[in-house]
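Undergrad: A structural model of the following input is requested.
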Amino acid sequence: MHKLLGGLCAALLFLAGLPQIGHTAEPVPLKTAWLGEHEAFAAWYAKQKGWDLEEGFRLKMLSYDSGKQLMAGMNTAHWEIAACGAIPALTASLDNQAEIIAIGNDESLATGIYARKDSPILGHTGYNALYPEMAGTGGTVRGKTILCTAGSSAHYTVHKWLEALSLTEKDVTIKDMPSEEALKAFLNGEGDAVALWSPYILEAEQHGLMPVTLSSQCDASQPTLLLANKAFAKEHPALVTAFLKMYFRGITALQETPREQLIQDYRAFYHAWTGRDLPPQDAAWELAKHPVYGLKGQLTLFDPAQKKLHTWLQELASFAGGKNRLSDVTDVYLKKLAQ
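TA: Next comes the predicted model:
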């Protein structure tokens with residue numbers, strides 16, 4: 001009997017030393033970089049649900065105050081995956097170190113140009129038949145002063161708006177200032193129009209300002225890009241795919257979660273990220289103004305035959321004076337995810 005027990009114990013000890021089939025190994029840390037904006041919500045939500053751990057990694061979310069700082073963080077904080085607005089991503093001097101692997105969201109409903117209710121700019125819409133919702137004419141806009149952050153997504157909206165009115169920046173005065181400062185100055189009577197992005201356009205609307213045009217109304221596409229460190233992705237392609245699988249679970253949750261619950265979840269995200277409370281109506285606004293794309297929609301955007309994303313990036317790069325990084329766009333990981 002003692003020999004039998006001894007044999008069983010030895011067998012159990014032997015089995016305990018074998019790899020545990022069906023059990024995951026210790027999750028691999030994955031360092032990611034974000035601004036405290038809507039595109040981070042899907043990742044934060046997925047992390048709260050433990051979906052990163054289910055995919056075999058532990059998500060670490062680094063916080064940045066601007067896209068420029070975030071892009072610089074690739075070489076300082078050494079992030080492996082990040083989300084960033086297209087303009088700072090396209091103009092960063094990274095020497096082909098990053099590649100575009102997916103889209104975080106569309107910010108063209110959350111970026112726009114605003115004027116006071118009595119502005120003559122608002123007196124006419126549809127000057128250009130291609131953009132029937134866009135206000136302004138060559139005559140009402142020429143010579144006006146526009147408050148705007150130079151080189152930003154809001155500036156790109158101004159550029160596309162003027163182009164649609166057969167004007168150029170030489171026909172107006174663009175006063176460069178940060179968005180928060182620009183809105184305050186405009187509310188105090190400075191300038192004829194102000195170009196802003198979220199959350200400042202929400203504040204503009206709450207102060208009674210009226211939209212001249214949103215980016216979506218003047219063909220100024222504003223994709224937020226998901227980027228991967230090329231060297232990291234080449235060495236760990238399965239981990240990049242695993243991240244996207246987790247992220248798209250977050251996107252699906254944004255699309256399918258009951259609205260009232262999603263508003264509460266977004267408020268929790270905002271408080272965790274910023275330490276500030278967000279009123280329910282503001283959370284609802286943020287969710288409504290940032291449409292997201294599921295996997296099928298993203299594959300369509302990345303399709304080289306349709307060239308939709310390629311066209312967006314070409315136009316953005318041309319405006320911003322950045323490199324045309326079409327060679328840095330890849331649908332490899334999206335296609336792996338779709339298999």
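Undergrad: Quick check: residue 206 vs residue 182, distance?
TA: Distance of residue 206 to residue 182, computed by C-beta to C-beta, to the nearest Å: 16 Å. No exception for glycine: its C-beta is placed from N, CA and C like everyone else's.
Undergrad: Repeat that for residue 32.
TA: Distance from residue 32 to residue 182, counting by C-beta to C-beta: 30 Å.
Undergrad: Quick one: neighbours of residue 315, just the number.
TA: 17 (other C-beta atoms under 10 Å).
Undergrad: Secondary structure of it: a helix, I assume?
TA: Yes - Residue 315: assigned to a helix according to DSSP: H, G, I helix; E, B strand; the rest coil.
Undergrad: Is it correct that it is in contact with residue 218?
TA: No - the criterion here is C-beta atoms under 8 Å, and residue 315 misses it with residue 218 at 11.9 Å.
Undergrad: Report the contact partners of residue 127.
TA: 134, 136-138, 164-165 (C-beta atoms under 8 Å, 6 or more residues apart in numbering).
Undergrad: does it count as helix, strand or coil?
TA: Applying three-state DSSP: residue 127 is coil.
Undergrad: Give me the below-cutoff pLDDT ranges for this structure.
TA: 1-24, 93-95, 322-327 (pLDDT under 70).
Undergrad: mind redoing it with 50?
TA: 1-23 (pLDDT under 50).
Undergrad: The closest residue to residue 168 other than its chain neighbours is in what secondary structure piece?
TA: Nearest residue to residue 168 in three dimensions, chain neighbours excluded: residue 162, at 6.1 Å (C-beta to C-beta, 6 or more residues apart in numbering). According to DSSP states H and E, residue 162 maps onto helix 153-164.
Undergrad: From the contact counts, what lies against that helix?
TA: Here helix 153-164 touches helix 86-91, strand 111-115, strand 145-148, strand 193-197, strand 210-214, helix 308-320, going by 3 or more C-beta pairs under 8 Å, 6 or more residues apart in numbering; DSSP states H and E.
Undergrad: 7 Å instead, please
TA: strand 111-115, strand 145-148, strand 193-197, helix 308-320 (3 or more C-beta pairs under 7 Å, 6 or more residues apart in numbering; DSSP states H and E).
Undergrad: nearest to residue 230, of those?
TA: helix 308-320 (16.7 Å; C-beta to C-beta).
Undergrad: orientation of that closest one relative to helix 153-164 in degrees?
TA: Here the directions of helix 308-320 and helix 153-164 differ by 90 degrees (axes from the mean of the first three to the mean of the last three C-alpha atoms, to 10 degrees).
Undergrad: CA atoms of helix 308-320 as PDB?
TA: Extracted as PDB, the C-alpha positions of helix 308-320 are listed here (Å, rounded to 0.1, in the frame of the first residue of the first chain):
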ATOM      1  CA  LYS A 308     -10.700  55.200 -49.600                       C
ATOM      2  CA  LEU A 309      -8.200  55.400 -46.700                       C
ATOM      3  CA  HIS A 310      -5.400  56.000 -49.200                       C
ATOM      4  CA  THR A 311      -7.200  59.000 -50.600                       C
ATOM      5  CA  TRP A 312      -7.900  60.400 -47.100                       C
ATOM      6  CA  LEU A 313      -4.200  60.100 -46.100                       C
ATOM      7  CA  GLN A 314      -3.000  61.500 -49.400                       C
ATOM      8  CA  GLU A 315      -5.100  64.700 -48.900                       C
ATOM      9  CA  LEU A 316      -4.100  65.000 -45.200                       C
ATOM     10  CA  ALA A 317      -0.400  64.500 -46.000                       C
ATOM     11  CA  SER A 318      -0.600  67.100 -48.800                       C
ATOM     12  CA  PHE A 319      -2.200  69.700 -46.500                       C
ATOM     13  CA  ALA A 320       0.200  69.000 -43.600                       C
END
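Undergrad: What are the buried residues along it?
TA: 309-310, 312-313, 315-317, 319-320 (16 or more other C-beta atoms under 10 Å).
Undergrad: From the chain's centroid, how far away is stretch 131-151?
TA: 25 Å (C-alpha atoms, centre = their mean, to the nearest Å).
Undergrad: Determine how far the last residue of that stretch lies from the first.
TA: 23 Å (C-alpha to C-alpha, to the nearest Å).
Undergrad: what sits against the spatially closest residue to residue 35 that is not a sequence neighbour?
TA: With C-beta to C-beta, 6+ apart as the criterion, residue 35 has its nearest non-adjacent residue at 5.8 Å, and that residue is residue 64. Residue 64 sits next to 33, 35, 70, 73 when contact means C-beta atoms under 7 Å, 6 or more residues apart in numbering.
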